[in-house]
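>>> Sequence and predicted structure below; questions after.
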Amino acid sequence: MFYKPRVLHRAYAWARGRFWIPCPICKRGFGEHEWHEGHELWLTDRDSVAVCPHCGERATEMNRESGLPGDKPSH
């Protein structure tokens, strides 16, 4: 899959006032415009953090292993 250089994504996020954070799994920076619903790592029953597009499946696996809300369908 083609993945644009991070500097282009970072500039796009900055120019539009979107977040730019490191992924808690791979530590790669990513922007809000790249985030997809459900791509989150649950820390507690009520708190989660966004993960980059590459780590979405891994986050789902980790949520399932931990038994936290990320493994349940949203309403």
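Looks like it came in fine.

>>> quick one: the helices in the chain?
Using DSSP state H, the helices of the chain run over 6-15, 56-66.

>>> okay, the ones you listed, which one's buried deepest?
helix 56-66 (a mean of 16; mean count of other Cβ atoms under 10 Å). Glycine gets a C-beta too; all of them are placed from N, C-alpha and C.

>>> Save the helices of the chain as a markdown table, and put in distance to H36 too.
What follows is the helices of the chain, written out as a markdown table (distance: least, Cβ to Cβ, whole Å):
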| stretch | distance to H36 |
| --- | --- |
| helix 6-15 | 14 |
| helix 56-66 | 6 |
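
>>> center of the chain, which residue is that?
The centroid of the chain falls nearest to V51 when counting by Cα atoms, centre = their mean (1.8 Å).

>>> out of everything not next to it in sequence, what's closest to that residue?
With sequence-adjacent residues excluded and distances taken as Cβ to Cβ, 6 or more residues apart in numbering, V51 is closest to A59, at 4.5 Å.

>>> any idea how far G17 is from the one you found?
For A59, the distance to G17 equals 25 Å [Cβ to Cβ, to the nearest Å].

>>> residue boundaries of the strands in the protein?
20-22, 29-31, 40-42, 48-50 (DSSP state E).

>>> mind checking which of these is nearest P5?
strand 29-31 (11.5 Å; Cβ to Cβ).

>>> in its sheet, what does that closest one sit against?
Within its sheet, strand 29-31 is paired with strand 20-22 (antiparallel), according to DSSP bridges.

>>> Any idea how far the strand it pairs with is from the middle of the chain?
Its chain's average C-alpha position is 9 Å from that of strand 20-22, according to Cα atoms, centre = their mean, to the nearest Å.

>>> cool, stretch 55-65 as well?
From the chain centre to the centre of stretch 55-65 is a distance of 11 Å (Cα atoms, centre = their mean).

>>> repeat for stretch 18-36
Chain-centre distance of stretch 18-36: 6 Å, with Cα atoms, centre = their mean.
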